[in-house]
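Trainee: Fold the following and give me the result.
(4 chains)
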2 protein chains.
Amino acid sequence: MYTCQGPHHIGLEVQPEDALGSPSNEDSPVRRETLSRDRVLSAAIECADSNGIESLSMRSLAQELGVVPMALYKHVTNKDDLLDGMIEAVVGEIVSDPTTGEWKHDVRQRILAARAALRRHAWSRAVLESRSAMTPAMLDYLDSLTGLFLAGGLSVDLTHHVMHALGNRMWGFSQDLFAATPRSDTQSFNTQRAALPRQHPHLAEIARAALRDEPGSGAGPGCDEQSEFEFALDLVLDGVGILHATGWSSASAT
Amino acid sequence: MYTCQGPHHIGLEVQPEDALGSPSNEDSPVRRETLSRDRVLSAAIECADSNGIESLSMRSLAQELGVVPMALYKHVTNKDDLLDGMIEAVVGEIVSDPTTGEWKHDVRQRILAARAALRRHAWSRAVLESRSAMTPAMLDYLDSLTGLFLAGGLSVDLTHHVMHALGNRMWGFSQDLFAATPRSDTQSFNTQRAALPRQHPHLAEIARAALRDEPGSGAGPGCDEQSEFEFALDLVLDGVGILHATGWSSASAT
DNA sequence: GACCCGAGGTGTACGACGTACACCTTCACT
DNA sequence: AGTGAAGGTGTACGTCGTACACCTCGGGTC
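Mentor: Model prediction:
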């Protein structure tokens, strides 16, 4: 955790012999080791993982590291750079299974791997979507994914359009706009639920069916997020497979 | 525009007879009319439209309305409520074409209508995605969209999954992760562009093809955002059509 | 006319936040 | 011993959302 900042360091009061006289003795790290970009980034990631991205500030991060806020700016140019570094690290966590040559299978694996990595860090979706420019790791991932389509024999034309069509689904998230009313107090939740059928009959019908199929299965109102994601992904990939098989090209489109 | 705050109102200095003595004479509104939730919301929308959502603060909005910041809180409980009200208004702008009974066509129309409404307000995508709970207008839209599938004869099971599969595409945006490096300075843009082919051969290949097809057609690196969106939408809808025609159900899925 | 009451606008203030800028340590290398 | 840079500190500024106490009206009741 490292929330210690134990000896109440004021920068001068630290005893030199105890702290610096035994650099090889790390059983009681009264003197923290020097900062680095990596240490800042992993502390930031850890903090965002456990406390949520909205409570990650330069000040709280500095405190977590037992350091004054401005110290971070020696390793990170500003907060945007910090966020870029964080997603860079998370995207770098995506593991690439060996390819089989069957493009649909390979793409599926790769995207599910991305999903697994990004889901380990709940904040990554929001941060990724808020960035305007791409980081190197993002470009690497995108390039490898594109390569899988091309290796499968899809035309660059079709591949291009498919990458657009995947949209943010290529990162493994799907937005889940049905899992709304997530954490609101039970009061308003119940009144809303009660008022739903008359106001929104179609939504009510779906909710009823979903609840019947998987009663109280935890996540959301009876929806298995993972299988919903895979359903949507396969829908797109199968559609692309058909276009590929029938020789689609953008010139011949409607 | 209403950036005036002309007579430098201090609340007391306003002349009663000039301002209040002629309520029917609105040619020189030296006394601003009273605030209301609607006036606050439409000023906020106007401000976000022209200056971007990131520069919309309670303070700037109050200034735009010629009012002290805290005055807004008489009409809006807090900034989140303001944002909710703004998207509520924008989503309410979605026009519903008359339905034809052909579900694929109707859904397509409805989603493109949503796209048109949300694109009039560039900030709406980010705000919509940042909200956790749904507003009434959002529920209305979702319900009507769901109703189109059900009216077309799709099972509630399939409809449910399709709504999930549409994800945020049902609101008419697609994230466009290929239009990256949007406004960065030409310096780094060029170096990045130069370094791209060796680092990311597949992306380079696609970029080359796209540039050849539509050389310098403005928007992004040769991508027509609108047709990309429609491509992806049709891909999903056609896929759903196939599932529907072949009697898909979640029980029979792999 | 006197009263009051509540809706709506004001003023001040607090505790976040990101970060500019000048400073001080420390340490490797000359 | 001397120097210069790398890394940590302290202070300060401007911005944000908003709590809280106030003031000012216009309209309803007695």
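Trainee: Count the residues that sit near A:V240.
Mentor: When neighbours are defined as other C-beta atoms under 10 Å in any protein chain shown, A:V240 has 25 of them. Heads up, the C-betas are built off the backbone N, CA and C, glycines and all.
Trainee: My read is that it contacts A:M163, right?
Mentor: No: at 10.4 Å, A:V240 does not count as touching A:M163 under the criterion of C-beta atoms under 8 Å.
Trainee: Determine the longest helix present in chain A.
Mentor: Looking across chain A with DSSP state H, the single longest helix is helix A:225-245.
Trainee: Look up how far DNA strand D lies from A:A245.
Mentor: Computed with C-beta to the nearest atom of the strand, to the nearest Å, the distance linking A:A245 and DNA strand D is 52 Å.
Trainee: Sorry, slip of the keys, the one I care about is A:H164.
Mentor: From A:H164 over to DNA strand D the distance is 34 Å, taken as C-beta to the nearest atom of the strand.
Trainee: Chain neighbours aside, what residue packs nearest to that residue?
Mentor: Leaving aside its sequence neighbours, A:H164 sits nearest to B:E228 (C-beta to C-beta, 6 or more residues apart in numbering or on different chains; 4.3 Å).
Trainee: and that neighbour, how many neighbours does it have?
Mentor: Applying other C-beta under 10 Å, we find 22 residues neighbouring B:E228.
Trainee: next one: A:G153
Mentor: Using other C-beta under 10 Å, A:G153 has 10 neighbouring residues.
Trainee: If I follow the layout properly, it ends up in contact with A:W103?
Mentor: Yes: A:G153 is within contact range of A:W103, at 7.3 Å (criterion: C-beta under 8 Å).
Trainee: Mind listing the shared neighbours of these two?
Mentor: With C-beta atoms under 8 Å, 6 or more residues apart in numbering or on different chains applied, the contact sets of A:G153 and A:W103 do not overlap.
Trainee: what does chain A have sitting close to DNA strand C?
Mentor: A:12, A:16, A:20, A:55-60, A:69-70, A:73, A:78-80 (C-beta under 7 Å from any atom of the strand).
Trainee: Give me the buried subset of those residues.
Mentor: The neighbour-count criterion (16 or more other C-beta atoms under 10 Å in any protein chain shown) marks A:56, A:58 among the residues of chain A next to DNA strand C as buried.
Trainee: out of the residues of chain A next to DNA strand C, which touch DNA strand D?
Mentor: A:69-70.
Trainee: mind listing the helices for chain A?
Mentor: Applying DSSP H to chain A gives helices spanning A:16-20, A:37-51, A:58-64, A:79-92, A:103-119, A:124-130, A:136-151, A:156-166, A:186-199, A:201-213, A:225-245.
Trainee: rank these by pLDDT, which is bottom?
Mentor: For the helices of chain A, mean pLDDT drops lowest on helix A:16-20, to a mean of 35.
Trainee: which ones are touching A:A71?
Mentor: Here A:A71 is in contact with A:35, A:62, A:65 (C-beta under 8 Å, 6+ apart).
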